[in-house]
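A.B. asks: Any chance you can model this:
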Amino acid sequence: MRHDHEPEDHDLGLAHDLTVMGAMMARRRALKWFAGAGTAAMVAGCGGSEDDAVAVVSSTTATPTPTSTPTPSVGTSAACIADPTETNGPYPADGTNTSSGATSNALTTSGILRSDLRASFISSSTVATGVQLTLTLKVVNVNATCAALSGYAVYIWMCDRSGNYSLYTAATESYLRGVQVTDANGEVTFTMIVPGCYSGRWPHIHFEVFSSLTAATSGRYAVLVSQLALPSAVCTAVYADTATYPGSATNFARISLSSDNVFGDNTAAQIAQQTPTLTGSPTAGYTGSAIIGIAR
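C.D. replies: So this is what the prediction gives:
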């Protein structure tokens, strides 16, 4: 029995076949073009925009641009605080007090600008002996995300290994005093000795900060007067040598930070910032650093 049906493609002759083949070739060329150009659209279809796709590609080929910004040698915490104001007395030699009826002002004396403080520089050349201490101080502005303050002058002074201060109880000496100006990182470095411990005070280092060297050498224009507290472990190790540091071990055993008349009313955060971080030993000497925070 014969059944009527719609003709198949292969039943329509050569002319029809040629037409179909041409259409298939055109379709294949179109698919090839879309395969090359459609990648970005596929990425966009997976949850990102076209801009996102470009950003991903460029991030793998970008070359970092070198920077000339100085690298600080002293770390700065985002939580730096302003150092508390402390007394500069009784032996500052900054022109603010008198000794034996005379006003002592080392800041106006030639030679005060120096980093190694161990030798006297006025009327004597005596070198203060003791365990060497090299200390880097970083001056920062606590009101500007702890930004470094460059061009500031820092004056520091301390007692010698016997607990005496130059220009006062060691009147003929001028050692263990000096001024440095902060660099682009807000830093100054001093070489000195670990100071002795005298009766009634925790071992400490005095300092004053001025907005410029001119302000420092003019005297009486400090933006901060304060002190640094020596770490307890360092003091214990250094003062064990009672020949080099006579009396310091005994005096240190009788004092604490809480009973000290300068540090005793400070907060834990203030004490932490006022205590330098030191490494070393009594034989090799110590090296360390501290942050000095100023509200500008």
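
A.B. asks: residue contacts, T277?
C.D. replies: Taking Cβ atoms under 8 Å, 6 or more residues apart in numbering, we find T277 in contact with P231, G288, S289, A290. For every residue, glycine as well, the C-beta is placed using N, CA and C.

A.B. asks: and those, which two are the farthest apart?
C.D. replies: Using Cβ to Cβ, the contacts of T277 reach their maximum pairwise distance at P231 and S289, which is 12.2 Å.

A.B. asks: Number of residues surrounding P276?
C.D. replies: By other Cβ atoms under 10 Å, the residues close to P276 number 21.

A.B. asks: Ok, R220 next?
C.D. replies: With other Cβ under 10 Å as criterion, R220 counts 13.

A.B. asks: now do the one 3 residues further on
C.D. replies: A count of neighbours around V223, defined by other Cβ under 10 Å, yields 16.

A.B. asks: Make sure it is actually in contact with S212.
C.D. replies: No - with contacts counted by Cβ atoms under 8 Å, V223 stays clear of S212, the gap being 10.1 Å.

A.B. asks: Tell me the residues that contact both of those two, please.
C.D. replies: Y152.

A.B. asks: picking up where we left off before, and the contacts of T277 as JSON lines, adding secondary structure and distance to S166?
C.D. replies: What follows is the contacts of T277, written out as JSON lines (DSSP: H, G, I helix; E, B strand; the rest coil; distance: Cβ to Cβ, whole Å):
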{"residue": "P231", "secondary structure": "coil", "distance to S166": "24"}
{"residue": "G288", "secondary structure": "strand", "distance to S166": "23"}
{"residue": "S289", "secondary structure": "strand", "distance to S166": "25"}
{"residue": "A290", "secondary structure": "strand", "distance to S166": "22"}
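
A.B. asks: thinking T126 is in contact with A119, fair?
C.D. replies: Yes - using Cβ under 8 Å, T126 is in contact with A119, at 7.1 Å.

A.B. asks: Need the residues touching each of these two.
C.D. replies: Y175.

A.B. asks: circling back to that earlier point, just the closest of the contacts of T277 to R296, please.
C.D. replies: A290 (18.3 Å).

A.B. asks: For the closest one, list the residues it contacts.
C.D. replies: Neighbour list for A290: V74, L135, T136, L137, K138, L228, Q273, Q274, T275, P276, T277 [criterion: Cβ under 8 Å, 6+ apart].

A.B. asks: I'd like the distance from the helix or strand where the fourth one lies to the chain centre, please.
C.D. replies: With elements taken from DSSP states H and E, the one containing L137 is strand 132-141. Distance of strand 132-141 from the chain centroid (Cα atoms, centre = their mean, to the nearest Å) equals 9 Å.

A.B. asks: With stretch 157-167 instead?
C.D. replies: Worked out by Cα atoms, centre = their mean, stretch 157-167 lies 28 Å from the chain centre.

A.B. asks: swap in stretch 185-192?
C.D. replies: Stretch 185-192 sits 11 Å away from the centroid of its parent chain (Cα atoms, centre = their mean).

A.B. asks: Pull out the buried positions in stretch 250-267.
C.D. replies: N251, F252, I255, L257, D260, V262, F263, N266 (16 or more other Cβ atoms under 10 Å).

A.B. asks: Other residues contacting it?
C.D. replies: Contacts for stretch 250-267 (Cβ under 8 Å, 6+ apart): 84, 86-87, 163, 197-204, 227, 229, 235-236, 239, 271, 274.

A.B. asks: try it again with 7 Å
C.D. replies: For stretch 250-267, the surrounding residues in contact (Cβ atoms under 7 Å, 6 or more residues apart in numbering) are 84, 86-87, 197-203, 227, 229, 235, 239, 271.

A.B. asks: Same question for stretch 213-222.
C.D. replies: Residues from elsewhere that reach stretch 213-222, judged by Cβ under 7 Å, 6+ apart: 94-96, 105, 107-108, 153, 155, 179, 181, 208-210.

A.B. asks: Low-confidence stretches in the stretch 51-200 of the chain?
C.D. replies: 51-78 (pLDDT under 70).

A.B. asks: ranges for the strands of it?
C.D. replies: Taking DSSP state E, counting those that start in this stretch as the criterion, the stretch 51-200 of the chain carries its strands at 94-99, 102-105, 132-141, 147-148, 153-157, 177-181, 187-193.

A.B. asks: Let's have those in a markdown table, adding distance to L113 and mean neighbour count.
C.D. replies: Shown next, in a markdown table, are those (distance: least, Cβ to Cβ, whole Å; neighbours: other Cβ atoms under 10 Å):
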| stretch | distance to L113 | mean neighbour count |
| --- | --- | --- |
| strand 94-99 | 14 | 16 |
| strand 102-105 | 14 | 15 |
| strand 132-141 | 15 | 21 |
| strand 147-148 | 20 | 17 |
| strand 153-157 | 9 | 25 |
| strand 177-181 | 5 | 23 |
| strand 187-193 | 11 | 22 |
